[in-house]
Each structure stands twice: as structure tokens, then as C-alpha cells.
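> Following is a predicted model, sequence given first.
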Amino acid sequence: MWRGGQSAATFVATLRRVGEVNLSGAGSRLTIVMRGKIDQRLGTELRRSFETWIEQRGAPTEVLVDLREVDDYDILGRAELVTLHGKLAKVGRRCAYVAEHARIRGLALLTIGEIGDRGSRAVATLEQGDAWLRARDQVTEASIEQRGDPRRRG
């Protein structure tokens, strides 16, 4: 369900006690922010929101999927994410999945690996995701070195 009063550039979908999906864009980049648990309902809502976005704005060339506020997922939610990612990879979209926690970054790695997409990366920070998306030549990889645990300060 859509929340009323949102700008044309932002879609927000919230599911009771499950999670939230927020799509926003600037230029050729679509940013997807997910919060809470990724299950089948949330994954289905993501797919529907994405399809509505494409109908209204056209296909983005870059997709940044922010999973930093995802706290859990299940197998059906993962399957929905893989389905969406397969559609993006099929049309050659570059994707970056940002996840600070190893388990959720593992979800992104599984998603990318299941499709066999060389145009996507799972990273720990927004800066690394941005660097990957800016490196358009798929032969030359962006400098996205993992410098320690992003949860540790100092």
C-alpha cells in the first residue's frame, strides 16, 4: 500500500510488523532502501513498487540497494530478491547492495551469485557502493576495499 502525500520521486510501502521498502531516484540511479525483515510479502511489495517505478520513470541504469536496516530474511524473501535481481541483470543494470552486517551481506552475495551477475557487488558502506556504481567499465573494478569492520569505530 502506498502512503499518501509522498513526492513523485519517492515511493514508500510499509507492511504491518514486517518491514518497509522505499524507492527514490536521482538521474539514472535508483536507490532502494529496505528495513526490517525481508520475507515474501516485503519482497513482493518491492517487486510491485519497482514495476510501478519503471512504468512511471523508465528503467534506471544503476541500482543501489541499501540493506543496512534489514535485520532478518527468510527463504521466500530471498527468492523474491533473486527474481528482481534477475530482471535487473538481464537488462545489464549495475547494482550495489550495501549491508554492514555479514549475514545480510551474505544474502546479497547469494542473490548476485545465483544470477551469476558480474555487474553487481555486495559492499559494507555507501561509499563503496557509490564507487562500484561509478566504475562503469565492468573490466576495471572500483576501489571498494573492505577496510576493517564498519561497525567498529576508532
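Received it, and whenever you're ready, just let me know what you need.
> And the longest strand seen in the chain, what does it pack against?
Assignment by DSSP state E gives strand 62-73 as the longest strand of the chain. Packing partners of strand 62-73 (3 or more CB pairs under 8 Å, 6 or more residues apart in numbering; DSSP states H and E): strand 29-38, strand 94-98, helix 102-115, helix 126-134. (Glycine included, C-beta is placed from N, CA and C.)
> and the first one, what does it pack onto?
Taking 3+ CB pairs under 8 Å, 6+ apart as the contact definition, the neighbouring helices and strands of strand 29-38 are strand 19-26, helix 40-57, strand 62-73, helix 75-90.
> that older thread, what's the angle between the longest strand of the chain and helix 126-134?
Here strand 62-73 runs at an angle of 140 degrees relative to helix 126-134 (axes from the mean of the first three to the mean of the last three CA atoms, to 10 degrees).
> Please save the CA atoms from strand 62-73 in PDB.
Output in PDB follows, covering the C-alpha atoms of strand 62-73 (Å, rounded to 0.1, in the frame of the first residue of the first chain):
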ATOM      1  CA  GLU A  62      22.300   2.000 -11.700                       C
ATOM      2  CA  VAL A  63      20.600   0.500  -8.700                       C
ATOM      3  CA  LEU A  64      21.800   1.000  -5.100                       C
ATOM      4  CA  VAL A  65      20.100  -1.400  -2.700                       C
ATOM      5  CA  ASP A  66      20.500  -0.200   0.900                       C
ATOM      6  CA  LEU A  67      20.100  -3.200   3.300                       C
ATOM      7  CA  ARG A  68      21.800  -1.600   6.300                       C
ATOM      8  CA  GLU A  69      18.500  -1.600   8.300                       C
ATOM      9  CA  VAL A  70      17.400  -5.100   7.300                       C
ATOM     10  CA  ASP A  71      17.600  -7.300  10.400                       C
ATOM     11  CA  ASP A  72      16.400 -10.600   9.100                       C
ATOM     12  CA  TYR A  73      15.200 -12.500   6.000                       C
END
